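> Sequence plus the predicted model coming up.
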Amino acid sequence: MITLAVDCMGGDHGLPVTMPACMDFLAAHADGHLLLVGLPDAMAAYPSLLSNPRCRVVAASEVVAMDDPVEVALRRKKDSSMRVAITQVKNGSADAAVSAGNTGALMAIARYVLKTLDGIDRPAIASELPNQKGFGTTVLDLGANVDCGPQHLLQFAVMGSALVSAVSGRDQPTVGLLNIGEETIKGSEVIKQAGELLRHAKASGDLNFCGNVEGNDIFKGTVDIVVCDGFVGNVALKASEGLASMVGSFIKQEFTRSWWRKVVALMAYPVLAAFKRRVDHRRYNGAALLGLRGLVFKSHGSADAFAFKNAMDRAYDAARNQLLARVQARIARAEPLMAGVANALQRPNDR
């Protein structure tokens, strides 16, 4: 049995999205159990879900708003649905937690409650972006860490490899370092140093590193995993979401113009609809917060029920495939390399 703790109050829409998504999740997973975390009086409006024997309500008295500062969410709202959901993972009641709430608050609370894994300095946000091969390219970090050192990018690559290996079954997923060109001489000093670390990791058998990749390689599916800092990753994420919205708007516009354009649009509709579905960011919703001593998944704040259910599916798959244990194993295997990196970076400061 896989048990998810769901922050039912989080996100732009809260219960009208999370509760229907929970019903769809239970219908799709016979071995799925849910801890519905939120305000009991508000959740009472969904009696059919609450009566499901595979659900249990876990009461919370507060809600983290989407515009709450991290300090407020972490220090003042200690009984928020977000924090209570993450606590279920810490105490072993749930295999993973899912929330569509404030990203900064979710990362801060998860890091405070669960702590980071040994050997990991900073957790990272990892998710898939659509590519032309029909599956997703996993990109990290997507916004948790704006400024990263080379050692952090190495850690992201190790964790991303564990994620893809666990969920997709590929034992040696390919890794690329996002850069302004494929040549090793290009990029900032941080990127150049990260490239050296990743090539060393490949030589030692810790990673299947394929070298530098460019932004268009994310959508080509050139590699399974693309590593970057959170600033660049978040820009790529929003660009991907913008593409999906643009395609949808284009299709609608063509059906509202002159009659002959409507005819052409109607003939092309199957192709356009298939493309829209492929780039639909809702299908890829659900980002893993990697590097923590527990599984936490972040849904987009504006997600609808379909997208939120996909985030739950990703959390379910991660728990079922023992993602946490795989991440720990990958880190342990790469520990000598990462320890050597830490020592090398520390030595100049000791002089």
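Done, it's in. Residues are numbered from 1 along each chain as shown.
> CA atoms only for stretch 60-76, dumped as CSV, please.
Provided in CSV are the C-alpha atoms of stretch 60-76 (Å, rounded to 0.1, in the frame of the first residue of the first chain):
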residue,chain,number,x,y,z
ALA,A,60,-5.0,21.2,10.4
SER,A,61,-6.1,24.6,11.7
GLU,A,62,-4.2,26.9,9.4
VAL,A,63,-3.5,27.4,5.7
VAL,A,64,-0.4,28.8,4.1
ALA,A,65,-1.5,31.4,1.6
MET,A,66,0.2,31.7,-1.8
ASP,A,67,1.5,35.2,-0.9
ASP,A,68,2.6,34.3,2.6
PRO,A,69,6.3,35.1,3.3
VAL,A,70,8.4,32.1,4.1
GLU,A,71,9.0,33.4,7.7
VAL,A,72,5.2,33.5,8.3
ALA,A,73,4.7,30.0,6.9
LEU,A,74,7.6,28.5,8.8
ARG,A,75,7.5,30.3,12.2
ARG,A,76,3.9,31.4,12.7
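> chain center to that stretch: distance?
21 Å (C-alpha atoms, centre = their mean, to the nearest Å).
> which other residues reach it?
The contact list for stretch 60-76, computed with C-beta atoms under 8 Å, 6 or more residues apart in numbering, reads 9-12, 14, 37-39, 77-85, 101-102, 104-105, 108-109, 112, 301. In this view, the C-beta of every residue, glycine as well, is placed from N, C-alpha and C.
> Report the contact partners of Gly286.
98, 127, 297-299, 310-315.
> circling back to that earlier point, so among the contacts of stretch 60-76, which ones count as buried?
9-11, 14, 37-39, 77, 80-85, 101-102, 104-105, 108-109 (16 or more other C-beta atoms under 10 Å).
> where along the stretch 101-250 of the chain do the strands fall?
Counting by DSSP state E, counting those that start in this stretch, the stretch 101-250 of the chain has strands at residues 124-130, 136-140, 174-178, 208-213, 225-227.
> Among the ones you listed, which comes closest to Ala5?
For the strands of the stretch 101-250 of the chain, the distance to Ala5 is smallest for strand 124-130, at 18.7 Å, taking C-beta to C-beta.
> Correct me if wrong: Leu106 contacts Ser99.
Yes: using C-beta atoms under 8 Å, Leu106 makes contact with Ser99 at a distance of 5.5 Å.
> Find the residues that touch each one of these two.
Common contacts of Leu106 and Ser99, defined by C-beta under 8 Å, 6+ apart, comprise 10, 82, 296, 298.
> From what I see, the second one and Ser99 are in contact.
The reference is to Met82. Yes: under the criterion of C-beta under 8 Å, Met82 makes contact with Ser99 at 5.3 Å.
> Find the residues that touch each one of these two.
Shared contacts of Met82 and Ser99, defined by C-beta under 8 Å, 6+ apart, are found at 7, 10, 106.
> And stretch 46-59, end to end?
Distance between the two ends of stretch 46-59: 15 Å, counting by C-alpha to C-alpha, to the nearest Å.
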